[in-house]
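# Just need the structure, nothing else, for what follows:
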Amino acid sequence: MSDSESSRDSIDDFSFTLPDKCRSGRDLMSKLILDEKRVNNILVNEMIGQHAVDQYVSRPIDWRNFSESNVLYIASSARQDKLLPPVLVKVLYTANMASYRRLIYYGLSIIERYSAPPVVLVIVIHNTTTQLADLAAISEKQPYLLELPCDGWAKSCNILNASSISDHLQHTPLNPLVALGHFLIRQKPLLRDIDRNDDITIQQLYNIAKEIFGNDLQTASNTTDVLRQIYDQCSRARTALCEDVSDVSLRKRTIDCLDQILIIINDQQEPSATALPNNTNNSRTKDWQFVEKCLNDHGSCNWESIFQLGKTKGLFKSYAKWTSAKSAYYRQKKQKQ
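Got it, this is the predicted structure:
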């Protein structure tokens, strides 16, 4: 990209607004941003080394207890498996001792599946409890990170939070990992509203967000935005409940209530039953074209993330749940064969 093109993109980004549902640090944004190849390279370059750039791909995490805000990177080539460890990135609103115990479970699960201990990075959006912070020590190699004990379940485990990067936000340019953490933690919908908007990595991250969500999101109605805020908060509450309450019987009633709210919100965006069949067919064609693009761009992508992103773009109007859209997609593919 030429300097003039880069400058023009930066100027455009200053006026680009991310709706509340798509702000950095939210579950949907975090997952899609971390799945992006350029962000993948920022992370592995800082956590593994320059030799790891372009050597990793993100893989969907479908193990029990893994939430949407987790992203797992593994070596793209089988020849590199023994040289490049798995990298687990987890975005947490609050980091506490329960989070730490879950990290141990995740690390052991990765070892069982990939026969290698992972490199773990936790990005904390809101706060880190004193009890957990007391276990951590400032990293000697990367002083903007806090190291946690991880013998037996991870190759390394680090926390990045507002406190750990605060002394490093005056550097020019910002360390790319510091910039990524700052972008996710601050949750600013406008580039011009975030401090250090002059930094090239910060600008690149907003540009990536713009590419993912598109300018059409700026026209979202207030009602849709409010519904999506409620949806986002309910999704967060559901994830937190699953993670913090291990006894399924104790959380079942609350989970059922949250699931009903999520279904109602999706139903509010259903199309009218009187829609013309041709319009429905055209709509579904656009749905499947969007799915194909996501799968081609990311190699692999969580279906719930695809569904949520598609909803923000006015797609999947015939479906209340991502599972229904997924089944319909593979059904139509089978019919074409």
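
# going forward, measure contacts and count neighbours with C-alpha atoms only.
OK.

# How many residues are close by residue 264?
15 (other Cα atoms under 10 Å).

# Please tell me how far it sits from residue 33.
Residue 264 is 27 Å from residue 33, where distance means Cα to Cα, to the nearest Å.

# what do you get for residue 147?
Distance from residue 147 to residue 33, by Cα to Cα: 24 Å.

# how about residue 158, what does it touch?
Each residue near residue 158 by Cα atoms under 8 Å, 6 or more residues apart in numbering is listed here: 120-122, 145-148.

# quick one: the helices in the stretch 1-150 of the chain?
Using DSSP state H, counting those that start in this stretch, the helices found in the stretch 1-150 of the chain span residues 3-15, 27-35, 37-47, 97-114, 130-133.

# and the ones you listed as CSV, adding mean neighbour count and distance to residue 152?
Converted to CSV, the helices of the stretch 1-150 of the chain look like this (neighbours: other Cα atoms under 10 Å; distance: least, Cα to Cα, whole Å):
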stretch, mean neighbour count, distance to residue 152
helix 3-15, 13, 44
helix 27-35, 23, 26
helix 37-47, 19, 19
helix 97-114, 16, 8
helix 130-133, 14, 19
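
# Using CSV, lay out those helices together with distance to residue 316 and mean pLDDT.
Shown next, in CSV, are the helices of the stretch 1-150 of the chain (distance: least, Cα to Cα, whole Å; pLDDT from 0 to 100):
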stretch, distance to residue 316, mean pLDDT
helix 3-15, 28, 45
helix 27-35, 17, 81
helix 37-47, 26, 96
helix 97-114, 32, 94
helix 130-133, 42, 96
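
# Format those as JSON lines; extra columns: distance to residue 85.
Listed next are these as JSON lines, based on distance: least, Cα to Cα, whole Å:
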{"stretch": "helix 3-15", "distance to residue 85": "34"}
{"stretch": "helix 27-35", "distance to residue 85": "17"}
{"stretch": "helix 37-47", "distance to residue 85": "10"}
{"stretch": "helix 97-114", "distance to residue 85": "9"}
{"stretch": "helix 130-133", "distance to residue 85": "25"}
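
# Tell me which of those helices lies nearest to residue 212.
Between residue 212 and these, the tightest spacing by Cα to Cα is seen for helix 27-35, at 7.8 Å.

# per-domain residue ranges of the protein.
Using automatic domain parsing, the domain ranges for the chain come out as 3-216, 222-268, 271-337.

# where do the strands sit along this protein?
Remark: strands assigned in the chain by DSSP state E are 56-59, 70-75, 87-95, 119-128, 137-138, 146-147, 156-160.

# where in the protein is pLDDT low?
Residue ranges of the chain with pLDDT under 70: 1-28, 62-69, 81, 214-226, 266-283, 297-301, 337.
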